[in-house]
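Participant: sequence first, then the predicted structure:
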Amino acid sequence: MFNRAAYKNIAKKQLQGRWGTPVLATLITIVIMTALGSKIPVIAICASAVLNIANVYLFITLSHTKEKQPFSTFIQGFSHWLNGILSMLWVILWTFLWMLLFVIPGIVKFYSYSQIFFIITEYPDMDVRTAMNLSKKITKGYKMDLFVMDLSFIGWLILTGFTGGILGLWVFPYMTMARVNAYHSIKQQALESGTVKESDFMAEGKAAAENPNSSSEGSSSASTSTSASSSTATQYNWDTSNAEDAETVRAEKNDEKGTVHLGSGVYIEKLGEQKENPDNNEGTF
């Protein structure tokens, strides 16, 4: 079940009162990339990859917390620069090779690989090829949904153009936050369906996610040395009973309670009054 309306509404709530650092990080990213332009493609690609992974780190952190994040969180994301560059180069390489066949296969594969940046950020000790294999698995059946979700932001991007890019300081964080929610959701559904296992995301020698029958674009076994970091926080579910799109969620039969499950450790405040959970001291919102 893919509910882009819910992911976008959740993103608005997650960013409420916490826009400061995301907006500043977006401004810095735009300024640097504009300054670099396309004069030195290799440097521009590497810079884009490093800035991308730093931004992803910030938004992944926002998804796991309810507090405002300081600018140092964005800076901390730069420590994953190598993973960012390797992931970007790996995605560009395989997307380009598929586009040699035709444009459409290239686009399909791009969305198949699109979750690698979120995975490698949550599990920084994971091998890039393993992260790509996991991205392919969790996006199975959702590539078109992810594509349509990106298309749904076209109106905002047009308005951003009319404002000389200023509106983009808020639109891009909103888009990234929604994509992070989509990632959490499809990953959780893949875990629940058995498509992937928790152990696939852990660094225990050879990655469990490697498929020996897959092609060379990610099938090589990859060894990792330490356990990947993962959130062990309490499960939070977004109760849509008072949300504007509650009817949509129920109509699409996401589940009987009308909730969107984004997995363990994802903090999502209810769009309505806070409701206490007597069985959990940390509460469910």
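Facilitator: That came in fine, so what should we check first?
Participant: give me the secondary structure label for residue 24.
Facilitator: helix (DSSP: H, G, I helix; E, B strand; the rest coil).
Participant: contacting residues around it?
Facilitator: Contact criterion Cβ atoms under 8 Å, 6 or more residues apart in numbering gives 71, 74 as the residues in contact with residue 24. From N, CA and C alone the C-beta is placed, and that goes for glycine too.
Participant: tell me, how many residues neighbour residue 110?
Facilitator: 18 (other Cβ atoms under 10 Å).
Participant: secondary structure element holding it?
Facilitator: Secondary structure here is read from DSSP states H and E; on that basis residue 110 sits in helix 103-113.
Participant: name the helices or strands packed onto the helix or strand that that helix is followed by?
Facilitator: Moving toward the C-terminus from helix 103-113, the next helix or strand (DSSP H and E) is helix 116-122. Using 3 or more Cβ pairs under 8 Å, 6 or more residues apart in numbering; DSSP states H and E, the elements in contact with helix 116-122 are helix 41-63, helix 81-99, helix 128-138, helix 168-193.
Participant: render the CA-only coordinates of helix 116-122 in PDB, please.
Facilitator: Only the C-alpha atoms of helix 116-122 are listed here, as PDB (Å, rounded to 0.1, in the frame of the first residue of the first chain):
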ATOM      1  CA  ILE A 116      19.900   3.500  -1.800                       C
ATOM      2  CA  PHE A 117      20.700   7.000  -0.300                       C
ATOM      3  CA  PHE A 118      18.200   6.500   2.500                       C
ATOM      4  CA  ILE A 119      19.400   2.900   3.200                       C
ATOM      5  CA  ILE A 120      23.100   3.800   3.200                       C
ATOM      6  CA  THR A 121      22.400   6.700   5.500                       C
ATOM      7  CA  GLU A 122      20.500   4.700   8.100                       C
END
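Participant: report the buried residues of the helix holding residue 110.
Facilitator: Neighbour-count burial for helix 103-113, counted by 16 or more other Cβ atoms under 10 Å, picks out 106, 108, 109, 110, 111, 112, 113.
Participant: in terms of secondary structure, what does that helix contact?
Facilitator: Here helix 103-113 is seen to pack against helix 81-99, helix 128-138, helix 143-151 when contacts are counted using 3+ Cβ pairs under 8 Å, 6+ apart.
Participant: between the two ends of stretch 27-44, how far is it?
Facilitator: Looking at stretch 27-44, the gap from its leading to its trailing residue is 17 Å under the measure Cα to Cα, to the nearest Å.
Participant: ok, back up a step: and the helices and strands packed on helix 103-113: which comes nearest residue 18?
Facilitator: helix 143-151 (21.8 Å; Cβ to Cβ).
Participant: which elements pack onto the helix or strand following that closest one?
Facilitator: Under the assignment DSSP H and E, the closest C-terminal helix or strand after helix 143-151 is helix 154-162. In terms of contacts (3+ Cβ pairs under 8 Å, 6+ apart), helix 154-162 is packed against helix 168-193.
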